[in-house]
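Engineer: The following block contains a protein sequence and its predicted model.
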Amino acid sequence: MLALLAVVLAAGAPGGAAGPGPAGPPVVAIDRAADADPVITEASLRLRAELATAGFGSRIVTCDVDPLAGPADCPREETLASISLARAGDITSIFVSSRLKNGLELRRQVRVQPDDGGGDARLLAVRAVELLRDLQVEVAATAVDDPEDPKPLEPFEQPAAAPAPARWHLLAGATTLMIPWSGKSTFDPAFGLLIGLAVRYGQHLLAVVDAAGPFVNSLPIASQTGRAPFTGRALDQAVARVSLRVGRKSGVEGLYAAPFLGLSYMHLQLGAPNLNGSSGQPVSPLAGLGIGETLRIRTSWLVTAELSLIDAPDLQAMDAAGKTLLTHSGHFWMAFDVSLGLPLF
């Protein structure tokens, strides 16, 4: 199939008519900018190898290639076709063109998103050759019926401007706080609501400020004799955090890690005969690490599930004189959040 295609290409190319001596393989120009990044540089070299395998000669041409408009004033002498590569951010543009004898130029272009391999040099080279093959089949079919009158060249079709993704999201959801308090024989999760605000910085980073609560639970208060504990005392909690979601693929979508710092508010309702007042540490610092995954639905809505491990100080209860009466250790806390991110702007 490749050999047959090469014969058709040679016949349709300028100078492809039989002449003295064997004709060399049709030459394809590979256009790239002088300051091309490493992805484009590697893709150009891989493209030469792919073209050689497909039966084409090639040469690399240094000229201006705009990521939207395509190549500008790139030389085309003695070439069958051209493949131009350019990048803008993480998106790679591939432009392929071939000119008929009458001056009409057929063109193809594709913008390869990061998720589709826009940063993979090997995949870009393969896709560029596939575009060239498709275009040359159309060139061969068009040359049969096309008149010899020259026609003006048409510019590359400009892709419709995609709406910019929302940078800010409002977060809302539910969360579970799980603390293995000392002195408790059972492990009781406490449930609360979560609300927050997230802002995207680049492709791989999402900053989040959120608050969760109220978490309502209880702690047993031991009697002075140590025989039987008093009944459980109400414990109310709330948590506020600042976290950074970092993902190898994206901080906004897919798997991510989220280190965070924050504050925890705890109010232990005492009221036992030997205990008066409330918790001696109503607000304390906390730090931790979350692992989560975000799925995108309906284009811009984000659904996130995150499991966190939290290190927080122990809870101490003091009397009115400031004497420590009891200490409850929370060891390491755990939290599980499920939230929905709604785009703002």
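Structural biologist: Structure received.
Engineer: ranges for the helices of the protein?
Structural biologist: Secondary structure of the chain (DSSP state H): helices at 2-12, 38-53, 121-145.
Engineer: Tabulate the ones you listed in TSV, adding columns for distance to residue 340 and mean neighbour count.
Structural biologist: Where C-beta positions appear, they are placed from N, C-alpha and C, glycine not excepted. Listed next are the helices of the chain as TSV, based on distance: least, Cβ to Cβ, whole Å; neighbours: other Cβ atoms under 10 Å:
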stretch	distance to residue 340	mean neighbour count
helix 2-12	51	15
helix 38-53	35	18
helix 121-145	33	17
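Engineer: I'd like to know which of these is closest to residue 287.
Structural biologist: helix 38-53 (37.1 Å; Cβ to Cβ).
Engineer: who does the closest one touch, helix- and strand-wise?
Structural biologist: strand 27-32, strand 57-62, strand 81-88, strand 91-99, helix 121-145 (3 or more Cβ pairs under 8 Å, 6 or more residues apart in numbering; DSSP states H and E).
Engineer: Report the angle between it and strand 81-88.
Structural biologist: Helix 38-53 runs at 160 degrees relative to strand 81-88, counting by axes from the mean of the first three to the mean of the last three Cα atoms, to 10 degrees.
Engineer: So what touches helix 38-53?
Structural biologist: 28, 30, 32-33, 36, 57-58, 60, 83, 85-87, 92, 119, 121-122, 124-126, 128-129, 132 (Cβ atoms under 8 Å, 6 or more residues apart in numbering).
Engineer: ditto for stretch 333-345
Structural biologist: Outside stretch 333-345, the residues touching it (Cβ under 8 Å, 6+ apart) are 166-179, 194, 196, 198, 210, 212, 239, 286, 288, 290, 292, 294, 300-312.
Engineer: what does stretch 111-121 give?
Structural biologist: 39, 42-43, 46, 87, 90-94, 123-124, 127, 159, 203, 249.
Engineer: Sort those residues by pLDDT and name the bottom one.
Structural biologist: Note: of the contacts of stretch 111-121, the lowest pLDDT belongs to residue 159, at 59.
Engineer: before we move on, back to that, list only buried entries from the contacts of stretch 333-345.
Structural biologist: 166, 169, 171, 173, 175-177, 179, 194, 196, 198, 210, 212, 239, 286, 288, 290, 292, 294, 302, 304, 306, 308, 310, 312 (16 or more other Cβ atoms under 10 Å).
Engineer: What pLDDT does the model give the residue lying closest to residue 73 once chain neighbours are set aside?
Structural biologist: In space, and not counting its chain neighbours, residue 73 is closest to residue 63: 6.6 Å by Cβ to Cβ, 6 or more residues apart in numbering. Model confidence at residue 63, expressed as pLDDT, equals 92.
Engineer: tell me the contacts of residue 63?
Structural biologist: Residue 63 neighbours (Cβ under 8 Å, 6+ apart): 31-33, 71-75.
Engineer: for the contacts of stretch 111-121, which one is nearest residue 110?
Structural biologist: residue 94 (5.1 Å).
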